[in-house]
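[1] Got a predicted structure here, sequence first:
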Amino acid sequence: MPAAVRGGTRPRAKPSSKTPPQAASKGATAKGAASQRAPAKARKAPVAEHHGLSPKVALIGSAAILAIALTATLATGHRGERLVSAIGTGIDNRFGAAGFRLKNVEVQGASTMATADIVKAAGVYKDQPLLGLDLKAMRTNIEHVGWVKEARVVRLLPDTLVISVVEHRQLAVWQHAGRQFVIDDHGQVIKEADPARFSRLPLVVGEGAAEHAPEILPTLAQRPQLIGAMDALVRVDDRRWDVRMKDGSLIQLPADNVDAALMQLERLDQRSRILELGFERIDLRNPDVIAVRPRQVQALQTQTIAQPAAAGQ
């Protein structure tokens, strides 16, 4: 059936080669009437009656075509998938030829040290067709980078890719089995981070220290004088902590109620300024008794003065 054209003259139906007798007589009558009166609006062209396939036959045919297509796809080694991929690549290349190619990568929210690792994980290159990038897969790869807590990737047409990240907070340097690692605020290792560049972070030592560091370091951070004099936190038997001070002294913390023990230490320091004067060891493992061992005074070395030899010897 000819398509209707809005606002224009309807196309004339193409005459058929043979005219049924009834249609011919009607046409002759209409022609005679038209010669006796003014021209009228064009009538709708007669719609030929169409006898299609029955629903049952159509359903059977569709199922057969689907089965043939599936068999062909399996027999050709997923050629259909490759065909769809090739079509997508062709479309993407056409847009790339129109100027939709990667020129700039903007990384937001990342430190200078993390940026290079994030761009590497994105796996993009200059002049890459921008519309063909799999942003979901790219975000997954970026979130596997140790620096990154979460990421968001956005295309800015015609030529820019924006990667916005939230970094894990670097908490401490963990020393274990002769190696050092940077850990985040969940105790997870940031494998890309170089510990030598994070000397400002606290040092935690021993098995289990990385896992339990997020529990104790915020408590110590509330006591600037103590953490400022601290050299390292040593995990003992994966149960409790020893605080090793920069002057070599030691504070032994209990396995439980660490905050209460540190409050006892603060009261002791207010009375005797023990953190300032120095000590060898403070034992806070017993909540009822604070044991303090003063720093031992080194004995003065005596000099032996050689006596002059007697004359004639």
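    Sure, I can see it. Numbers count the residues shown, from 1 in each chain.
[2] Check which helix or strand V154 maps to.
    Assessed by DSSP states H and E, V154 sits inside strand 148-156.
[3] scratch that, D242 is what I was asking about
    Here D242 sits within strand 240-245, counting by DSSP H and E.
[4] after that strand, next one along is what?
    strand 250-252.
[5] Packing partners of that following strand?
    Applying 3 or more C-beta pairs under 8 Å, 6 or more residues apart in numbering; DSSP states H and E, we find strand 250-252 packed against strand 240-245, strand 281-283. Any C-beta I mention is one placed from the backbone N, CA and C, and that applies to glycine too.
[6] Pull out the buried residues from the next helix or strand after the last one.
    Spelled out, it's strand 281-283. Of the helices and strands lying after strand 281-283 in sequence (DSSP H and E), the nearest is strand 291-293. Using 16 or more other C-beta atoms under 10 Å as the test for burial, strand 291-293 gives no buried residues.
[7] re the thing from before, quick one: buried residues of the strand holding V154?
    In terms of neighbour count (16+ other C-beta under 10 Å), strand 148-156 has its buried residues at 148, 151, 153.
[8] Could you do stretch 102-116 as well?
    Neighbour counts over stretch 102-116 (16+ other C-beta under 10 Å) mark 102, 105, 107, 109-110, 113-115 as buried.
[9] low-scoring pLDDT stretches of the stretch 51-200 of the chain, where are they?
    The stretch 51-200 of the chain contains residues with pLDDT under 70 at 51-99.
[10] again, only this time at 50
    Residues of the stretch 51-200 of the chain meeting the criterion pLDDT under 50: 51-59, 62, 66, 69-70, 72-74, 78-92, 94-96, 98.
[11] where along it do the strands fall?
    All strands of the stretch 51-200 of the chain, identified by DSSP state E, counting those that start in this stretch, fall at 104-108, 148-156, 160-167, 170-176, 179-184.
[12] Same list (these) but as a markdown table, adding distance to G132.
    A markdown table is the format used below for these (distance: least, C-beta to C-beta, whole Å):
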| stretch | distance to G132 |
| --- | --- |
| strand 104-108 | 16 |
| strand 148-156 | 10 |
| strand 160-167 | 12 |
| strand 170-176 | 35 |
| strand 179-184 | 34 |
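[13] Of those strands, which is nearest G208?
    Among the strands of the stretch 51-200 of the chain, strand 170-176 comes nearest to G208, with 9.1 Å by C-beta to C-beta.
[14] for the closest one, which positions count as buried?
    170-175.
[15] Quick check: end-to-end length of stretch 214-233?
    Using C-alpha to C-alpha, to the nearest Å, the end-to-end distance of stretch 214-233 comes out at 12 Å.
[16] one step back: and the buried residues of stretch 102-116, which two are the farthest apart?
    Greatest spacing in the buried residues of stretch 102-116, by C-beta to C-beta: L102 and M113 (23.7 Å).
[17] In contact with F279, which residues are there?
    249, 292-295 (C-beta atoms under 8 Å, 6 or more residues apart in numbering).
[18] ditto for I183
    By C-beta under 8 Å, 6+ apart, the contact list for I183 reads 170-174, 189-190, 204, 210, 213.
[19] try 10 Å this time
    Listed by C-beta atoms under 10 Å, 6 or more residues apart in numbering, the contact set of I183 reads 146, 168, 170-174, 189-190, 193, 195, 201, 204, 209-211, 213-214.
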